[in-house]
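# fold the following.
(2 chains)
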2 protein chains.
Amino acid sequence: MARPRRSEATRETLLALGVKLFASQGYHGTGLKQILDEAGVPKGSFYNYFSSKENFCAETVSYYSEFLQHRIVQAEGDTPVAKLLDIHRGLLTLLQQQDTPSGCLLGSLASETGAAQGQLQTAICEGFTAWIARYVTLFEQAQAQGLLRDDLSAVDLTHIYINQWHGAIEQYLLDRDGARVMTSMEQVLTILMRA
Amino acid sequence: MARPRRSEATRETLLALGVKLFASQGYHGTGLKQILDEAGVPKGSFYNYFSSKENFCAETVSYYSEFLQHRIVQAEGDTPVAKLLDIHRGLLTLLQQQDTPSGCLLGSLASETGAAQGQLQTAICEGFTAWIARYVTLFEQAQAQGLLRDDLSAVDLTHIYINQWHGAIEQYLLDRDGARVMTSMEQVLTILMRA
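The predicted structure is shown next:
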């Protein structure tokens, strides 16, 4: 039997498409047929890369989480606080450039498939955990530099800041008010959390 | 032609089921057939109440928004701040009692159908607006009583608090850590926003 040919480019095409489809249509709303049709990949070939739709979605989540972590590492700014705002300005800009903006893939899948167990939930949890750890480092640095209050831990501040981002994006999807998103993020960070 | 019989009880049964199904499966993931099967209502009868699946979902959103507003009006506590925490403790308890907990219907539909136009988006926006207005009143009272800082407006504090709630619930669906939800809500309200 001939060994199936695999290409990293095809795998990445499928994952990028997965981010787009799962974020905009949800897990249940996205069928394997649509994925195959839009990617132009035959079913048999798809199964060379992924064992099931759930496995594909879990891999999509990991791919997306790495993208988010990369943005944090690459953030620009003179201070940790400036970097935090740079990250979220950048993510908001990406959202505003989408024809059909959709929220955080991790967040929307968590909302939709909250009850689901198995590898998808594991991937979402691992994605969140790795992402949050990167933020905690920035918050620790900001506190050490006296830029943010230290009557709450860096972990607590991180959770509050991340919750704020997810809630603000949810609101953005309704009213498309990007200025409101950044106002809330800046107010939390530079007024409520200031040293 | 006989006039179709309508019953308020049937309509309410359908709406309560709609809250459950749309919140747990999303708009795209919920088919009309499942709604009819679970409610035990024939298709022809359904159309006596609702003109389409979208219309049904929009009405479900209004029904849910009224439920949320009722909880705010009924909140218990000696101060506006105590009432705010009572509201969210109550909503969290409801969530913890669900077999398959799902997030805020308004939020998850906003995430999923963000790009959609029409009566569903209108209903979600109206639901949010009416809900937020109730909160603003509580925040204004808290500021007037000197319980919360007034260097940000009551509207700004409301947006931050509501964003916090939505983000915290999203996280809860992943880790089922109800204590973390209330810790974040209390920290925002009683530490970051204190007068």
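# only C-alpha atoms from now on, for both contacts and neighbour counts.
OK.
# name the helices or strands packed onto the host helix or strand of residue A:33?
Applying DSSP states H and E as the criterion places residue A:33 in helix A:32-39. When contacts are defined as 3 or more Cα pairs under 8 Å, 6 or more residues apart in numbering or on different chains; DSSP states H and E, helix A:32-39 sits against helix A:8-25.
# now do the helix it packs on against helix A:32-39, angle only.
120 degrees (axes from the mean of the first three to the mean of the last three Cα atoms, to 10 degrees).
# now do the buried residues in helix A:8-25.
Across helix A:8-25, burial judged by 16 or more other Cα atoms under 10 Å in any protein chain shown covers A:10, A:14, A:15, A:17, A:18, A:19, A:20, A:21, A:22, A:23, A:24, A:25.
# residues in contact with the first one?
Residues counted as contacts of residue A:10 (Cα atoms under 8 Å, 6 or more residues apart in numbering or on different chains): none.
# now the helix or strand just after the helix holding residue A:33: average pLDDT?
Moving toward the C-terminus from helix A:32-39, the next helix or strand (DSSP H and E) is helix A:43-49. When pLDDT is averaged over helix A:43-49, the result is 93.
# so which bits of helix A:43-49 are buried?
Here helix A:43-49 shows A:46, A:49 as buried, counting by 16+ other Cα under 10 Å.
# same deal with stretch A:79-97?
In stretch A:79-97, counting by 16+ other Cα under 10 Å, buried: A:80-89, A:92, A:95-96.
# likewise for stretch A:164-177?
Of all the residues in stretch A:164-177, those buried under the rule 16+ other Cα under 10 Å are A:164, A:165, A:166, A:167, A:168, A:169, A:170, A:171, A:172, A:173, A:174, A:176.
# with stretch A:54-61 instead?
Within stretch A:54-61, the residues scored as buried using 16+ other Cα under 10 Å are A:55, A:56, A:57, A:58, A:59, A:60, A:61.
# other residues contacting that stretch?
The contact list for stretch A:54-61 (Cα under 8 Å, 6+ apart) reads A:15-16, A:18-19, A:22, A:27, A:50, A:105-106, A:119-121, A:123-124, A:127.
# same deal with stretch A:18-30?
A:35, A:56-57, A:60-61, A:64, A:100-105, A:108-109, A:112-113, B:25-26, B:28-29, B:111-114.
# what subset of these is buried?
A:35, A:56-57, A:60-61, A:64, A:101-105, A:108-109, A:112-113, B:25-26, B:28-29, B:111-114.
# now intersect those residues with the strands, please.
Nothing among the buried ones among the contacts of stretch A:18-30 maps onto strands, per DSSP state E.
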